[in-house]
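1. all I have is the shape, not the residue letters:
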């Protein structure tokens, strides 16, 4: 939700068109400024009305900006990167304009290749670990069953379990 207090503070820091003699408060429920005294002078009513018109325009802009960015992640420009990738052989890519000609090494003079330019932002990098869980249905041949991704501790536990199953299978096989 938009921070009305923050917006009001910034607005009042910029808006300097009200005489300092005019005393006003902020009506939170109606999101507008009101005069503090009961019988204001005409010029005070006009001044607070003009102030509210500008405040409402300010607030409308702030709410639109909030709605536009709601659900978005704002990324600093220095966290945006680019890489180029061969469309037909996606394992071939480069991340520098200086190396772009390396993508063309696999085509002949007169050929045209399709290149995808990827512009991306790295929001978060999370270190994960992976290992194979054994196929316990046939542990003698040490077959792989499924690839597990998780924490290092979870992977170490799977490796330990695999080894225990292999050892037990080897002992049972020799008996």
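-> Noted; the coordinates are in hand. From a predicted model like this one, the values you see are computed outputs, not experimental measurements.
2. partners of whichever strand or helix holds residue 119, with directions?
-> Residue 119 belongs to strand 115-121 when assigned by DSSP states H and E. Paired strands of strand 115-121, with direction, are strand 80-86 (antiparallel) (DSSP bridges).
3. give me the contact list for the next helix or strand after the strand it pairs with.
-> Going down the chain from strand 80-86, the next helix or strand is strand 93-94, by DSSP H and E. Contacts with strand 93-94, where a contact means C-beta atoms under 8 Å, 6 or more residues apart in numbering, come from 83, 84, 85, 86, 100, 102, 103. Any C-beta I mention is one placed from the backbone N, CA and C, and that applies to glycine too.
4. with neighbour count, distance to residue 55 and pLDDT as extra columns, can I get these in TSV?
-> TSV is the format used below for these (neighbours: other C-beta atoms under 10 Å; distance: C-beta to C-beta, whole Å; pLDDT from 0 to 100):
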residue	neighbour count	distance to residue 55	pLDDT
83	14	46	94
84	18	49	95
85	18	50	95
86	19	55	94
100	13	52	89
102	14	57	89
103	18	55	89
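5. what is the helix with the most length in the chain packed up against?
-> Determined from DSSP state H, the single longest helix within the chain is helix 42-69. Under the contact definition 3 or more C-beta pairs under 8 Å, 6 or more residues apart in numbering; DSSP states H and E, helix 42-69 sits against helix 4-14, strand 32-35.
6. who does the shortest one touch, helix- and strand-wise?
-> Same thing as strand 32-35. Using 3+ C-beta pairs under 8 Å, 6+ apart as the contact test, the elements touching strand 32-35 are strand 24-27, helix 42-69.
7. the last one: which residues count as buried?
-> By neighbour count, and taking 16 or more other C-beta atoms under 10 Å as the criterion, the buried residues in helix 42-69 are 44, 47, 48, 51, 52, 55, 58, 59, 62.
8. quick check: closest non-adjacent residue to the last one.
-> Right, the one you point to is residue 62. Excluding the flanking residues, the one nearest residue 62 by C-beta to C-beta, 6 or more residues apart in numbering is residue 7, at 4.9 Å.
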